[in-house]
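K.L.:
This is a predicted model, with the sequence first.
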Amino acid sequence: MEIPEQDAAHMARAVELAGHGHGTTTPNPVVGCVVLDAAGQVVGEGFHAYAGGPHAEVVALAQAGERARGGTAYVTLEPCDHTGRTGPCSRALLDAGVARVVIAVSDPNPKAAGGAARLRDHGVAVTSGVLAGAAERVNEEWLTYARLRRSHVTWKFAATLDGRSAAEDGTSQWITSPEARADVHRLRAASDAIVAGIGTVLADDPHLTARPNAAQGHSGVPSIDSVSRGETVRVVVDPEGRTPQSARVLDDHAPTLVAVAEDVETELKADLLRLPRHAGGLDLHALLRELAAREIVSVFLEGGPTLAGAFIGQGLVDRVVAYLAPAVLGSGPAALGAAGVRTIGEIHRLTFDEISPIGPDVRLIARPAIQPGRET
């Protein structure tokens, strides 16, 4: 489909606006909207800032007022057609008298879908699929959650150029720079859950929390501290229930779930999540389904190579964020453990989306070449 230049430009702006909602909308999607008047001038812009707050279309229409009548609305996700904590956006667009609506991605949630059909039924011209790839990318966490009924997983690791995550004696502080570590805290704060394995808990006794204000957004964009959202949940994957009662991950700084095997006996006083066993560990598909049932949309996977290898091996990593330091160790643990690859034909292929300097380090963002549940 050949996209008119004007449609592409306005949808690109809507995608940019949608990104401002990262980290504050769970369990809702991030959505951006741009409204033009009948003459083609931008008269309203908006994004969904927090769950329970006004949707992107409502914000943009309020800004546009009567100037929206006869105009066009560009929306990154199909306008909802149901009443939840807010009213249906399809009705808001009809009431505003918008003549045309341009949509990037259809809503996969059957409870909310149907907005495009309702608009068409009432004489509104609807165009779908404009910049679908970009809109999918900005909303990938929620789309994974909605389509696959599991949490979206970002695996983060820091390593030397030769792929070592620690020295031979186990020391690892600090391989990367303060700038890279600050970026990690920003990503942590924008996630619904931080996941680590029992090996990391026993070796490092981490807090698994994000620093305050780490998710501060662009100018005029609400920070995590200024909107209504739940705390980031800490999750320990601990099949045998070996987490010490004194572990810092069990302190009162944030809620914690400890995932244990369903048949294990443990006296651990914690919020336990009992899961089936799988390949010497836990069924991670079941873990992500259980987290999704608790409205945890996005997971930030940290910790050691064993758990990362298990997630990769079970096909459950949706995005990789790697911080590479300009240094080499020559020995020591690798960033990734066994991931189910026995021969080169079974290699896990990824595609790079971003390669950027961050302080003296380099940040790489990559995704699996084949991503289940994606439309584009």
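P.N.:
Nice, thanks for sending it over. Residues are numbered from 1 along each chain as shown.

K.L.:
So which residues make contact with stretch 199-208?
P.N.:
Outside stretch 199-208, the residues within contact range by CB atoms under 8 Å, 6 or more residues apart in numbering are 170, 194, 196, 234, 236, 238, 242-244, 247-249, 251, 253-254, 302-304, 306-307. Any C-beta I mention is one placed from the backbone N, CA and C, and that applies to glycine too.

K.L.:
From start to finish, how long is it in a straight line?
P.N.:
14 Å (CA to CA, to the nearest Å).

K.L.:
That stretch: which residues count as buried?
P.N.:
For stretch 199-208, a neighbour-count test (16 or more other CB atoms under 10 Å) marks Gly199, Thr200, Val201, Asp204, Pro206, Leu208 as buried.

K.L.:
And the fifth one, how far from Val328?
P.N.:
The spacing between Pro206 and Val328, counted by CB to CB, to the nearest Å, is 25 Å.

K.L.:
now for the host helix or strand of Arg289, which elements pack on it?
P.N.:
Taking DSSP states H and E as the definition, one finds Arg289 inside helix 284-293. Applying 3 or more CB pairs under 8 Å, 6 or more residues apart in numbering; DSSP states H and E, one finds that helix 284-293 contacts strand 233-237, strand 271-275.

K.L.:
helix/strand/coil for His10?
P.N.:
At His10 the chain is in helix, as set by DSSP: H, G, I helix; E, B strand; the rest coil.

K.L.:
can you count the residues close to it?
P.N.:
Using other CB atoms under 10 Å, His10 is surrounded by 24 other residues.

K.L.:
just to revisit the earlier point, is it possible to get JSON lines of the helices and strands packed on helix 284-293 that adds distance to Leu187?
P.N.:
Listed next are these as JSON lines, based on distance: least, CB to CB, whole Å:
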{"stretch": "strand 233-237", "distance to Leu187": "15"}
{"stretch": "strand 271-275", "distance to Leu187": "23"}
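
K.L.:
I'd guessed His122 sits against Asp95; true?
P.N.:
No. Using CB atoms under 8 Å, His122 makes no contact with Asp95, being 10.5 Å away.

K.L.:
Any buried residues in stretch 104-111, and which?
P.N.:
Neighbour count says stretch 104-111 has Ala104, Val105, Asp107, Pro108, Asn109 buried, by 16+ other CB under 10 Å.

K.L.:
tell me which strands and helices the helix or strand where Tyr74 lies is in contact with?
P.N.:
Secondary structure from DSSP H and E places Tyr74 in strand 72-77. Contact partners of strand 72-77 among helices and strands, from 3+ CB pairs under 8 Å, 6+ apart: helix 5-19, strand 32-36, helix 56-64, strand 100-105, helix 132-138.

K.L.:
avg pLDDT for the third one?
P.N.:
For helix 56-64, the per-residue pLDDT values average out at 96.

K.L.:
do stretch 341-360 as well
P.N.:
90.

K.L.:
Check the offset of that stretch from the chain's centre.
P.N.:
19 Å (CA atoms, centre = their mean, to the nearest Å).

K.L.:
neighbouring contacts of it?
P.N.:
137, 176-180, 183, 312-313, 320, 323, 325-326, 339-340, 362-370.

K.L.:
do the same with stretch 246-263
P.N.:
Under CB under 8 Å, 6+ apart, the answer for stretch 246-263 is 193, 196, 201, 205-209, 231-241, 243, 266, 268, 270-277, 282, 287, 291.
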